[in-house]
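Novice: need the 3D shape of this:
(one chain, ligands or ions: 2)
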Amino acid sequence: MGKVTVAATVVCAAAVCAAAALVVRRRMKSTGRWARAVAILKEMEEKCGTPIGKLRQVADAMTVEMHAGLASEGGSKLKMLISYVDNLPTGDEKGLFYALDLGGTNFRVLRVQLGGREGRVVKQEFEEVSIPPHLMTGSSHELFDYIAAALAKFVATEGEGFHVSPGRQRELGFTFSFPVRQTSIASGDLIKWTKGFSIEDTVGEDVVGELTKAMERIGLDMRVAALVNDTIGTLAGGRYHNKDAIAAVILGTGTNAAYVERAHAIPKWHGLLPKSGEMIFEKIISGMYLGEIVRRVLCRMAEEANFFGDTVPPKLKIPFILRTPHMSAMHHDTSPDLRVVGKKLKDILEISNTSLKMRKLVVELCDIVATRGARLSAAGIVGILKKLGRDTVRDGEKQKSVIALDGGLFEHYTKFSACMQSTVKELLGEEVSETVVIEHSNDGSGIGAALLAASHSQYLEVEES
Ligand SMILES: Nc1ncnc2c1ncn2[C@@H]1O[C@H](COP(=O)(O)OP(=O)(O)O)[C@@H](O)[C@H]1O
Ligand SMILES: O=P(O)(O)OC[C@H]1O[C@@H](O)[C@H](O)[C@@H](O)[C@@H]1O
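Specialist: Ligands and ions are numbered 1, 2, ... in the order given. Presented below is the predicted three-dimensional model:
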């Protein structure tokens, strides 16, 4: 070979070697990155582990905290709020009643025409309205004006099959899904906002008063007959259909539960309610937070393992950008190439060109976070059953315990709700599990609130006499 050729060969060889070295270096780097990402996932799996022994401890702690929370104000970090419900619906209620259900993500307006013991719920209609984010941090006036206007619009569409008795005011059950210090069946002061709401001038105010003033401002002639938390509404709705309903659980944007407690078991009944302690349980199991937990771990993988390349995708740094519905869609992706995962990463986080093995790791992370939430929710439910002495079956006793469940997380996140229900069974064992029924009470809180408006109607005594 001539001098030129040799030189070219040497240059080529050097280039090939350099390229090969680059590939090896990149491969080693990517292998190193991959190993780091997997290590973070494994660490998360370890920390999120919920072995049955730990769940039993959580259930026991829940029971203990419930006792402590009822024993004295401030006795527990668990907010044991007392709800005044003098008369649970009997099924004899008749007439047209409205409900307004303000939750963490949506609010629903609903009307039911009740036909008494025979007719039961003759007809019902509801509308769901998303809450514009700016109203969650605006003023009390703006929020309640918006709600009252939507209610007035709904009342204006009252049609065939709904009729309020002549001379009567329309009555409303107000489901308010935030911590309230209840002062009567139709009044209660907001303790604090949760789920991203932050409207300072409502804190400490009677939320029924706020709604009533807003309705008066627009000339809507309606009376709030009952103020309830969504768990109380769900329990009332559950009890209306099934006398064995002993508790209600909400797994939605937030998490909460309600059950019927005997008055003598509430030593603090006349005491002040506990100072609102930090609620951490809700933050690792409910819809507001599951997606955010996944985002934070992906962000850590991007920062510490360059999981999505040399830089951290800017959108990945935005808190709450990854919502639980997005996480659920990725978790339930059954396509061979996990194209839903790829699309969510692209559409929500602007992360493109993810490999199948990266997508598989994201799904694994969703599973770890959802499984922990579901299993801890189950432990909470068993804690309530334990508090009510319904986690065991005495010889020969065939009690039935129905738990009414509502909330978009339970309703739509199938893997979450399936895992939660199987964990309840795992904790209770075969025999006791047969006495416990978890029933999806769709929009139970809305119907329950309307029923409680009926059972606390200002016209009730007129009918009785
Ligand atoms: N497809 C879904 N998959 C998983 N979670 C969902 C889905 N749709 C809604 N959610 C969760 O349910 C929550 C809404 O719950 P819902 O009970 O309907 O309203 P609210 O919490 O306002 O009462 C959302 O914040 C979200 O966390
Ligand atoms: O129906 P949502 O919005 O998911 O609310 C569930 C729970 O969310 C919690 O944050 C509130 O403190 C509870 O009062 C409420 O019941």
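Novice: can you confirm residue 124 is in a helix?
Specialist: No: with DSSP: H, G, I helix; E, B strand; the rest coil as the criterion, residue 124 is assigned strand and is not in a helix.
Novice: any idea how far residue 113 is from it?
Specialist: The span separating residue 124 from residue 113 equals 7 Å under the rule Cβ to Cβ, to the nearest Å. Backbone N, C-alpha and C define where each C-beta goes, glycine included.
Novice: could you find the closest non-adjacent residue to the closest residue to ligand 1 within the stretch 51-200 of the chain?
Specialist: As assessed by Cβ to the nearest ligand atom, ligand 1 sits closest to residue 103 within the stretch 51-200 of the chain, at 2.2 Å. The shortest distance from residue 103 to any non-neighbouring residue, by Cβ to Cβ, 6 or more residues apart in numbering, is to residue 177 (4.6 Å).
Novice: mind listing what the one you found touches?
Specialist: Contacts for residue 177 were tallied using Cβ atoms under 8 Å, 6 or more residues apart in numbering; they are 101, 102, 103, 104, 229, 230, 250, 252, 254, 256, 445.
Novice: in helices only, show me those.
Specialist: Members of the contacts of residue 177 lying in helices (criterion: DSSP state H): 230, 445.
Novice: of the contacts of residue 177, which is the nearest to residue 343?
Specialist: Nearest to residue 343 among the contacts of residue 177 is residue 252, at 25.4 Å by Cβ to Cβ.
Novice: which residue does the stretch 251-400 of the chain bring closest to ligand 2?
Specialist: Each residue of the stretch 251-400 of the chain has a distance to ligand 2, by Cβ to the nearest ligand atom, and the smallest belongs to residue 254, at 2.1 Å.
Novice: quick one on the thing from earlier: which of the contacts of residue 177 ranks first by neighbour count?
Specialist: In terms of neighbours by other Cβ atoms under 10 Å, the contacts of residue 177 top out with residue 445 at 32 neighbours.
Novice: what sits against that one?
Specialist: With contact taken as Cβ under 8 Å, 6+ apart, residue 445 is in contact with 101, 103, 175, 177, 228, 230, 231, 233, 234, 237, 250, 406.
Novice: which of these sits closest to residue 319?
Specialist: Distance to residue 319, by Cβ to Cβ, is smallest for residue 103 among these, at 20.6 Å.
Novice: all the strands of the stretch 51-200 of the chain, in order from the start?
Specialist: Ranges of strands within the stretch 51-200 of the chain are 94-102, 106-115, 121-130, 170-176, 180-184, 187-190, based on DSSP state E, counting those that start in this stretch.
Novice: ok, which residues in the stretch 151-300 of the chain are in contact with ligand 2?
Specialist: Proximity of the stretch 151-300 of the chain to ligand 2, by Cβ under 6 Å from any ligand atom, involves residues 177-179, 194-195, 229-231, 250, 252-256, 282.
Novice: mind doing that once more with 5 Å?
Specialist: For the stretch 151-300 of the chain, the contact set with ligand 2 under Cβ under 5 Å from any ligand atom comprises 177, 179, 194, 195, 230, 250, 252, 253, 254, 256.
Novice: and the two most separated of those residues?
Specialist: In those, the most distant members under the criterion Cβ to Cβ are 179 and 252, with 15.0 Å between them.
Novice: mind listing what the residue minimising distance to the centre of the chain touches?
Specialist: Using Cα atoms, centre = their mean, the residue of the chain that lies closest to the mean C-alpha position is residue 252, 2.0 Å off. By Cβ under 8 Å, 6+ apart, the contact set of residue 252 is 103, 104, 105, 177, 230, 286, 287, 406, 407, 408, 409, 410.
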